[in-house]
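*Asks:* this one's sequence-less:
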């Protein structure tokens, strides 16, 4: 990113008193450009805290031409200098990643062949993606702080994928800036005997995030319509009646139960994002070989991982049906390309940040009584 005076900001009239304010956020630790709709008659640097409360437009990135225009306009009034049409075109702001491309709309048909595993959009440079990921990590840190302070909503993030698709790495990199007190990660392995003695949603339900927190499921309740479907003997070995085990509509019913479960969570303030990291069979093979050949990665690999590759087509069919039947407006699935880990992590971060921004989070309002208490406490401290 080309560095520009971070106190500089210029504006242009869009309609009436509304102005499109384009500038650099003084709060940012970097010099990324922010775009916002603002109503103040005058915007002059440096921005006050109140002026920092603009509604941000994420996904807008500066081009070289835009940066040149910043330099040309520095120190001069630019009111009326640009129109709403050329601010995005002539000046050079371009829309960033289109995450809707990865989202599965409720009721839509799903074909994994329509979702290339090596897609990277406009990104051809890993370094550029890493820079944008760092910005998203910082933004996520700020949003999570407000989510925690507000204490009214929570976010559940579900990761599902074939082995070696990059779930652990995505969680590690995307959530690296989040306060551990406000985030809870659960990795679901083979169910215990206690868990099998309850309904298949029980072990996930008891690990849901509290209000104010982000919960991450590394694998989830979806294992019961994926691996259990691919391996029917698992179902037959569970503590279920013969009527349930042999029900020809069991998967259809489980899809409905999952939709109802997630709908209840959403209605009670738990927002849900579900990611399927879509890795190709060839890329998985290369990652398995890397785990075998590199000693420090040996612990990640087991012979059973190779055996599961023999069920690849069955898994793809199971994922296709599960995603198509459980992607809803309240709990959407995102099919994320996973052959390039750097892009996977960036795409996941974009979706999460945009979701949190959409929640209209705010710090709790300070009452007059509390303000009086703060003033009294300050006075007591100063008089010590």
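*Replies:* Sure, I can see it. Since this is a predicted model, take the numbers as computed values, not measurements. Residues are numbered from 1 along each chain as shown.
*Asks:* the strands in the stretch 251-384 of the chain, which residues?
*Replies:* 270-278, 333-337 (DSSP state E, counting those that start in this stretch).
*Asks:* turn those strands into JSON lines, columns for mean pLDDT.
*Replies:* Shown next, in JSON lines, are these (pLDDT from 0 to 100):
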{"stretch": "strand 270-278", "mean pLDDT": "98"}
{"stretch": "strand 333-337", "mean pLDDT": "98"}
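*Asks:* so which of these comes closest to residue 261?
*Replies:* Across those, residue 261 has its closest neighbour in strand 270-278 (10.0 Å, C-beta to C-beta). In this view, the C-beta of every residue, glycine as well, is placed from N, C-alpha and C.
*Asks:* which strands border that closest one, and is each parallel or antiparallel?
*Replies:* Taking DSSP bridges as the criterion, strand 270-278 sits next to strand 154-161 (parallel), strand 333-337 (parallel) in its sheet.
*Asks:* avg pLDDT for the longest one?
*Replies:* Averaged over strand 154-161, pLDDT sits at 98.
*Asks:* check which helices and strands the next helix or strand after that strand is in contact with.
*Replies:* Once the chain leaves strand 154-161, the next helix or strand it forms, by DSSP states H and E, is helix 167-174. Contacts defined by 3 or more C-beta pairs under 8 Å, 6 or more residues apart in numbering; DSSP states H and E place helix 167-174 against helix 126-150, strand 154-161, strand 214-218, strand 270-278, helix 341-358.
*Asks:* which parts of the stretch 151-300 of the chain are helices?
*Replies:* Taking DSSP state H, counting those that start in this stretch as the test, the helices found in the stretch 151-300 of the chain are 167-174, 193-196, 202-205, 227-230, 232-236, 242-245, 250-267, 281-293.
*Asks:* is it possible to get TSV of those helices that adds mean pLDDT and distance to residue 331?
*Replies:* Below are the helices of the stretch 151-300 of the chain laid out as TSV (pLDDT from 0 to 100; distance: least, C-beta to C-beta, whole Å):
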stretch	mean pLDDT	distance to residue 331
helix 167-174	96	18
helix 193-196	95	22
helix 202-205	98	13
helix 227-230	98	20
helix 232-236	96	24
helix 242-245	96	24
helix 250-267	98	4
helix 281-293	94	27
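*Asks:* nearest to residue 129 among these would be which one?
*Replies:* Taking these one by one with C-beta to C-beta, helix 167-174 is closest: 11.1 Å.
*Asks:* how close does the closest residue to residue 158 other than its chain neighbours get to residue 265?
*Replies:* Once flanking residues are discounted, residue 158 sits nearest to residue 274: 4.3 Å by C-beta to C-beta, 6 or more residues apart in numbering. As judged by C-beta to C-beta, to the nearest Å, residue 274 and residue 265 stand 12 Å apart.
*Asks:* so what sits against both of the two?
*Replies:* Taking C-beta atoms under 8 Å, 6 or more residues apart in numbering as the contact rule, residue 274 and residue 265 both touch residue 331.
*Asks:* if we can go back for a sec, in JSON lines, list the strands of the stretch 251-384 of the chain along with mean neighbour count.
*Replies:* JSON lines is the format used below for the strands of the stretch 251-384 of the chain (neighbours: other C-beta atoms under 10 Å):
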{"stretch": "strand 270-278", "mean neighbour count": "23"}
{"stretch": "strand 333-337", "mean neighbour count": "24"}
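*Asks:* include distance to residue 189 when you put those strands into CSV, please.
*Replies:* Formatted as CSV, the strands of the stretch 251-384 of the chain follow (distance: least, C-beta to C-beta, whole Å):
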stretch, distance to residue 189
strand 270-278, 18
strand 333-337, 22
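*Asks:* so which of these gets nearest residue 101?
*Replies:* Comparing those by C-beta to C-beta, strand 333-337 comes nearest, at 9.3 Å.
*Asks:* now the closest one and helix 341-358, what's the angle there?
*Replies:* Strand 333-337 and helix 341-358 are oriented at 150 degrees to each other (axes from the mean of the first three to the mean of the last three C-alpha atoms, to 10 degrees).
*Asks:* what number of residues lie near residue 116?
*Replies:* Residues lying near residue 116 (other C-beta atoms under 10 Å) number 12.
*Asks:* what do you get for residue 365?
*Replies:* 6.
*Asks:* so for it, what's the pLDDT?
*Replies:* 89.
*Asks:* over to it: give its phi and psi.
*Replies:* Residue 365 adopts backbone torsions of phi -70, psi 140, taken as degrees, to the nearest 10.
*Asks:* measure it to residue 371 for me?
*Replies:* Counting by C-beta to C-beta - residue 365 and residue 371 are separated by 10 Å.
*Asks:* next one: residue 245
*Replies:* For residue 245, the distance to residue 371 equals 62 Å [C-beta to C-beta].
*Asks:* same thing with residue 98?
*Replies:* Counting by C-beta to C-beta - residue 98 and residue 371 are separated by 44 Å.
*Asks:* over to residue 207?
*Replies:* Taking C-beta to C-beta, one finds residue 207 at 39 Å from residue 371.
*Asks:* okay, these two: which has more neighbours?
*Replies:* More crowded of residue 207 and residue 371, by other C-beta under 10 Å: residue 207, with 16 against 10.
*Asks:* which non-adjacent residue is nearest that one?
*Replies:* Closest to residue 207 by C-beta to C-beta, 6+ apart is residue 186, at 4.7 Å.
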